[in-house]
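Asker: Would you be able to build a 3D model of this:
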Amino acid sequence: MDYALKALASGIHFASKPFYPGFPAIVGRSGVGMLEDGTLVSFQGTRFPYGSMAEMVAAQKSFIAPIPPGIDAVQAAVVPSAAQISLLPLRNTAKLQAGESGLINGATSVSGMLAVKVAKSLGAGRVVGTGRNPASGERAKEAGADALISLNQSDEKLAEALQREAGEGYDVILDYLCGHPTEVLLSTFTPTAIGFARKRTRLVLIGMLAGRSTQLSAESVVTSGLGI
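Answerer: Model prediction:
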C-alpha cells in the first residue's frame, strides 16, 4: 500500500473525508484485476464504501481498460499513477514550457524517474535529478536526466552541487521528498546580494518520502523569485 493510500485510510490526508466519510470501508480507488474471461484490466472510480482492495470489485465499463500484452499486474498498477503525479504537476501546475530547465528532487523513485521522462517529453531543456540510490540514479540518467546529484553527502556539498548544476537557475522543481533534503534545497535560494529576483522558479511539492515537514526561512522566498 503506497503512502497516499495509507494517509487516506488513516485520516491524515487532506482528501480523507471526501473519499472516506466513515468507516468501516474498503479502501482503494483504482487497481488492476482480472475479468471472468481472464482478461487483465485496469479500473478506477470505485465508490465508498466499496474500494478496490477486495477480492471482487464492481466498476463501470467506461472506467475499465485492458492491459497491453507483455505487461504484468504489478507494472500496470504502478506506472499509470506514478506517471500521472508527474504529468499533471508539470503540465497543469508548474506549466512547464519547452526549453525550460527542471529539477526532480527524488529522481531515483519510480515517480521521479518517470518525471524526468515526462519533463523531457514535454520539451524541457536541462533536467537535473537528486537521489540516494546510485543504481536508480543511472536509470534516471537513461530516462533523460542530464545530471544526477547524490543526496549521500554533507549539507554543504549538497548545496554546492545544487547551485552548480542549476546554472542560471531552475524554472521548475518537482519535489517528491520534502523533509531535510528540501530544506537544503531551499537554502540555496537565499539571495547573496540586495536586488530583485532575476529568475522565477516554480516549486511543486508532491511527495513526502523524506519527511512530512520542512523548515522554511523567510530569506529564501522574500526576494529570491521562488514560488511554492
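Asker: Any stretches of this structure with poor pLDDT?
Answerer: Scanning the chain for pLDDT under 70 picks out 1-4, 195, 197.
Asker: Can you give the domain ranges for it?
Answerer: 3-71, 79-227 (automatic domain parsing).
Asker: count of residues packed around the residue nearest to Gln153 when sequence neighbours are not counted?
Answerer: Closest residue to Gln153 apart from its sequence neighbours, by C-beta to C-beta, 6 or more residues apart in numbering: Ala161 at 7.4 Å. C-beta here means a position set from N, CA and C on the backbone, and glycine is covered the same way. Residues contacting Ala161 under the criterion other C-beta atoms under 10 Å number 20.
Asker: With the one 5 residues further on instead?
Answerer: Using other C-beta under 10 Å, Ala166 has 19 neighbouring residues.
Asker: That one contacts Gly102, correct?
Answerer: No. The pair Ala166 / Gly102 is not scored as a contact, 10.6 Å apart, by C-beta atoms under 8 Å.
Asker: Can you pull the residues that touch both of the two?
Answerer: Counting by C-beta atoms under 8 Å, 6 or more residues apart in numbering, the residues touching both Ala166 and Gly102 are Val128.
Asker: Now for Leu226: which residues touch it?
Answerer: 186, 189, 197, 201, 203, 220.
Asker: roughly how far apart are the nearest residue to Tyr176 once chain neighbours are set aside and Leu216?
Answerer: In space, Tyr176 comes closest to Gly106 once its chain neighbours are excluded; the distance is 3.3 Å by C-beta to C-beta, 6+ apart. The gap separating Gly106 from Leu216 is 18 Å, by C-beta to C-beta, to the nearest Å.
Asker: nearest residue to Leu158 other than its sequence neighbours?
Answerer: Counting by C-beta to C-beta, 6+ apart, Leu158 lies nearest to Val184, which is 5.2 Å off, once chain neighbours are set aside.
Asker: Which element, helix or strand, includes that neighbour?
Answerer: In this structure, Val184 sits in helix 179-187 according to DSSP states H and E.
Asker: and that helix, how far out from the chain's middle?
Answerer: Between the centre of helix 179-187 and the centre of its host chain there is 16 Å, according to C-alpha atoms, centre = their mean, to the nearest Å.
Asker: And for stretch 172-186?
Answerer: 11 Å.
Asker: what are the C-alpha coordinates of that stretch, in CSV please?
Answerer: The C-alpha trace of stretch 172-186 is given here as CSV (Å, rounded to 0.1, in the frame of the first residue of the first chain):
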residue,chain,number,x,y,z
VAL,A,172,10.5,24.2,-12.4
ILE,A,173,11.2,21.9,-9.4
LEU,A,174,9.2,18.8,-8.6
ASP,A,175,9.8,17.7,-5.0
TYR,A,176,9.0,14.2,-4.1
LEU,A,177,11.0,14.3,-0.8
CYS,A,178,10.1,17.2,1.5
GLY,A,179,12.0,16.9,4.8
HIS,A,180,15.6,17.8,5.3
PRO,A,181,16.7,17.4,1.6
THR,A,182,14.2,20.1,0.7
GLU,A,183,15.5,22.3,3.5
VAL,A,184,19.0,22.2,1.9
LEU,A,185,17.5,22.9,-1.5
LEU,A,186,15.5,25.9,-0.2
